[in-house]
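Participant: here's a sequence, model it:
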Amino acid sequence: MEVISPRTKHSSGTESNDRKTKFTEYAQAGVSEYWIVETTPSVEVYALHDKEYSMVGRWGAGQEAKSQLLIGFSVAVSNLVEA
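Facilitator: Below you'll find the model as predicted:
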């Protein structure tokens, strides 16, 4: 799970690194599921298929993000990010 830090006046944030560099590195390492948490709030879940990630789903405030890897596991987006 990666939490994307918002951009501020003094930092560029982590979105590019989390969505490009780590995305590729984790896929090459065989990480089966990759979660991206944004402060908007939203959660995106990706599953690895044939060495590439595909989106399982995207959930926002008031919803529960669900794992494809861990059957039955879900978590309220509000428990991961303050709205």
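Participant: how many other residues sit next to V43?
Facilitator: 24 (other C-beta atoms under 10 Å). The way it works is simple: take the backbone N, C-alpha and C, and place the C-beta from them, glycine included.
Participant: partner strands of the strand or helix carrying V75 and their direction?
Facilitator: Element membership for V75 (DSSP states H and E) is strand 74-76. In the sheet, strand 74-76 lines up against strand 64-66 (antiparallel) (DSSP bridges).
Participant: buried stuff in the partner strand?
Facilitator: By 16 or more other C-beta atoms under 10 Å, the buried positions in strand 64-66 come out as A65, K66.
Participant: same deal with stretch 66-83?
Facilitator: Buried, per 16+ other C-beta under 10 Å, within stretch 66-83: K66, S67, V77, L80, V81.
Participant: just these now: which is nearest V31?
Facilitator: S67 (13.0 Å; C-beta to C-beta).
Participant: need the pLDDT of T40.
Facilitator: Note for T40: predicted pLDDT of 87.
Participant: could you do R7 as well?
Facilitator: Taking R7 on its own, its pLDDT is 64.
Participant: and the residue lying closest to V37 once chain neighbours are set aside, what does it touch?
Facilitator: Excluding the flanking residues, the one nearest V37 by C-beta to C-beta, 6 or more residues apart in numbering is V3, at 4.6 Å. By C-beta atoms under 8 Å, 6 or more residues apart in numbering, V3 lies in contact with T14, V37, E38, T39, L80, V81.
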